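Colleague: Model the structure of this input:
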Amino acid sequence: MSNARQDWISYYSRKRIIHQWTQVYLLNTVNCQKVLEVGPALGLVTSLLVNLGYQVHTLDREPRTFDYPDVHHLIKDIRNIQYEEILGYDAIICCETLEHIEWDDVGSVLSAFRNSGARYLIVSVPYMAFQLFWEIYLNSNTVRQYFSMKKLLWRKDFKAEADGGHQWEIGYRGYPLRHWESRLEAGGWSIVKREFTEHCRSVFHLLQAR
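Modeller: Numbers count the residues shown, from 1 in each chain. Predicted coordinates for the structure are as follows:
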């Protein structure tokens with residue numbers, strides 16, 4: 001197996017794949033055609049959207065790591081994005097990306113997304129507040145179980161990673177869910193739907209421009 005294939009299989013792991021499905025599921029609940037995908041990673045969501053008939057462009061601060069010649073790619077750091085650079089989209093998807101920038105910079109990014117004229121925004125960030133998940137699968141040949149629990153992180157400070165890594169996560173001290181949702185609303189967005197993904201522990205929001 002090539003290194004590229006191995007990287008793809010490792011990144012889109014069994015427990016993470018629900019994360020990509022949730023993005024497409026939420027987008028399908030609204031009426032839109034032209035989509036900007038921020039932080040396309042290795043291209044699974046891009047491919048899903050293209051095959052579902054959406055007109056897709058991607059944006060990241062680095063060149064794209066996968067080939068998709070018919071999909072335009074804008075190289076831009078979202079901390080410096082101007083709304084004039086992203087005009088004309090019905091919806092913007094920005095999942096597992098905002099936590100990579102400083103908390104104080106998030107507001108300006110959300111405002112730029114809002115001012116671009118996009119009607120909808122789908123965002124997800126890591127969610128580490130109290131949660132418990134237990135799953136078991138059993139047949140005559142196989143037994144498989146998964147258990148996960150997060151607790152008491154609201155008493156701990158999040159240790160920011162090096163540039164490019166996570167700078168904050170929801171659920172740690174100072175970052176409760178209500179503060180995150182207040183920040184989303186302050187950026188000019190109304191919350192339409194909230195979803196949690198249990199395996200990869202993220203919180204999704206489908207937002208509509210106010």
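Colleague: Give the ranges of residues in this structure that sit below the confidence cut-off.
Modeller: By pLDDT under 70, the weakly predicted segments of the chain are 1.
Colleague: how about the strands of it, start to end?
Modeller: 34-38, 55-60, 73-75, 91-95, 120-126, 131-138, 143-150, 189-197, 202-209 (DSSP state E).
Colleague: Centre of the chain to the longest one, how far?
Modeller: The gap between the average C-alpha position of strand 189-197 and the chain average comes to 12 Å, counting by Cα atoms, centre = their mean, to the nearest Å.
Colleague: What strands flank that strand, and is each parallel or antiparallel?
Modeller: strand 202-209 (antiparallel) (DSSP bridges).
Colleague: Next, format the strands of the chain as a markdown table and append mean neighbour count.
Modeller: No exception for glycine: its C-beta is placed from N, CA and C like everyone else's. Formatted as a markdown table, the strands of the chain follow (neighbours: other Cβ atoms under 10 Å):
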| stretch | mean neighbour count |
| --- | --- |
| strand 34-38 | 23 |
| strand 55-60 | 20 |
| strand 73-75 | 15 |
| strand 91-95 | 23 |
| strand 120-126 | 24 |
| strand 131-138 | 11 |
| strand 143-150 | 11 |
| strand 189-197 | 15 |
| strand 202-209 | 20 |
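Colleague: Show me the one of those strands that comes nearest residue 110.
Modeller: Among the strands of the chain, strand 189-197 comes nearest to residue 110, with 6.7 Å by Cβ to Cβ.
Colleague: picking up where we left off before, for residue 172, find the nearest of the strands of the chain.
Modeller: strand 120-126 (9.6 Å).
Colleague: What is the longest helix belonging to the chain packed up against?
Modeller: As assigned by DSSP state H, the longest helix anywhere in the chain is helix 103-115. Applying 3 or more Cβ pairs under 8 Å, 6 or more residues apart in numbering; DSSP states H and E, we find helix 103-115 packed against strand 120-126, helix 177-186.
Colleague: how about a cut-off of 7 Å?
Modeller: With contacts taken as 3 or more Cβ pairs under 7 Å, 6 or more residues apart in numbering; DSSP states H and E, helix 103-115 sits against helix 177-186.
Colleague: Before I go, just wanted to say thanks for your time.
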